[in-house]
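J.: just need the structure, nothing else, for what follows:
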Amino acid sequence: MADIKIPAGSFKPLTQDTHEAQEKISAPSLTFTQDAIRRLKQNKVAVVSLVVLLIVMLAALLAPVIAPQSPNTQNVAYANLPPKIGSGNIPGFTGKMDVSGVKVDKYQQAGVPKGKTFILGTDYLGRDLLSRILYGTRLSLLIGILATLVDLLIGIPYGIVSGWRGGRLDMFMQRVIEIISSIPNLIVVVLMMLVLRPGLLSIVIAIGFTGWITMARLIRAQTFQLKEQEFVLAARTLGESSTKIAWKHLIPNLSSTIIIQTMFTIPSAIFFEAFLSFIGIGIPAPNASLGTLLSDGQKAFRFLPYQMWYPAAVLCVIMIAVNLLADGLRDAFDPKS
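T.: Now for the predicted structure:
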């Protein structure tokens, strides 16, 4: 067989610019957090939920500024006034009610000065409902955040120690969790009411008493996996203490689990507080929370449904937005799920 010779003209010298272009990585280099944020931005539902939550939190934070009046200011003469905006031309916000089939202007009947209106109406003591909803939302969010902080401060160290040490200590710590989880939350709340005064502190302690268990179990399971990884073994070989390994290696790798579980804990705490206030063992009067507003509104729901609709709508918006955002964070930080 004859040798095939390739002419020299078939070869072209490779310039330095072409070589660098071929070696260039087209995709940007992203950290784990940056990649998770990029995936979260692609989830439109989660982004909208985040915006809604920020608006609700901002309105609750600025309640002393934007609230028309103090939430506890009473004026019995203006009791049970329907919602009204401006001159009352907007449907549903006219300030009129059906009384025996006849539309009655309740503002004129109560002698309310011209130009004075209540956007969401008033309750049975003449308190402005919009102001009470703003302050009540702030209190409910505060309870949810404080209960979540208790969850983080107890659940994360407990789960890391249990998973890192293992053996008999892990077995003992898990039995403690089983004992605590077997106690219903409602019994804990009632006991807290007997020991402490009814209020914010007793509710936060009651919610945090058992709320950290799920976090501890998730952290423990993840710690069992991470402590066998090469980077942890390398850190132990270099002589780093268990505290440094947990702070520098375990917690950053547990961040996705912590963030996701935190987002599911907040709505649970808010809903539990609303339930306690609804049955009358939550926030004491005259302070307002979404639960107390629902409790007051349901008593007159048949004749004055707006007193329950508005706080219920705010609670639903918060619960749905937080859960949708939590789903988006779970997909962003753990795509395999």
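J.: C-alpha only now, for contacts and for neighbours.
T.: Noted.
J.: buried residues in the helix or strand hosting residue 330?
T.: Assigning secondary structure by DSSP states H and E places residue 330 in helix 306-333. Using 16 or more other Cα atoms under 10 Å as the test for burial, helix 306-333 gives 306-312, 315, 318-319, 321-333.
J.: what do you get for stretch 265-279?
T.: 265-278.
J.: and the host helix or strand of residue 205, what does it pack onto?
T.: Element membership for residue 205, per DSSP H and E: helix 200-226. The contact analysis (3 or more Cα pairs under 8 Å, 6 or more residues apart in numbering; DSSP states H and E) places helix 200-226 against helix 129-165, helix 167-181, helix 185-195, helix 255-278.
J.: ok, back up a step: with pLDDT and distance to residue 3 added, can I get the buried residues of stretch 265-279 in CSV?
T.: Shown next, in CSV, are the buried residues of stretch 265-279 (pLDDT from 0 to 100; distance: Cα to Cα, whole Å):
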residue, pLDDT, distance to residue 3
265, 84, 76
266, 82, 78
267, 82, 78
268, 83, 80
269, 82, 82
270, 82, 83
271, 81, 84
272, 82, 86
273, 80, 88
274, 79, 89
275, 79, 90
276, 78, 92
277, 76, 94
278, 74, 94
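J.: list just the nearest of those to residue 97.
T.: Among the buried residues of stretch 265-279, residue 278 lies closest to residue 97 (Cα to Cα), at 26.6 Å.
J.: residues contacting that closest one?
T.: 291, 292, 294, 295 (Cα atoms under 8 Å, 6 or more residues apart in numbering).
J.: from these, which is closest to residue 73?
T.: Once Cα to Cα is applied, the member of the contacts of residue 278 that ends up nearest residue 73 is residue 292, at 16.3 Å.
J.: just want the most central residue of this structure.
T.: With distances taken as Cα atoms, centre = their mean, residue 266 lies nearest the centre of the chain, 3.9 Å away.
J.: so what's that one closest to, chain neighbours aside?
T.: Using Cα to Cα, 6 or more residues apart in numbering and skipping residues adjacent in sequence, the residue nearest residue 266 is residue 144, 4.9 Å away.
J.: that neighbour is in contact with residue 272, isn't it?
T.: No - contact criterion Cα atoms under 8 Å: residue 144 and residue 272 do not qualify, at 9.2 Å.
J.: turn the helices and strands packed on helix 200-226 into CSV, including distance to residue 94.
T.: As requested, the helices and strands packed on helix 200-226 are arranged in CSV below (distance: least, Cα to Cα, whole Å):
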stretch, distance to residue 94
helix 129-165, 16
helix 167-181, 51
helix 185-195, 42
helix 255-278, 29
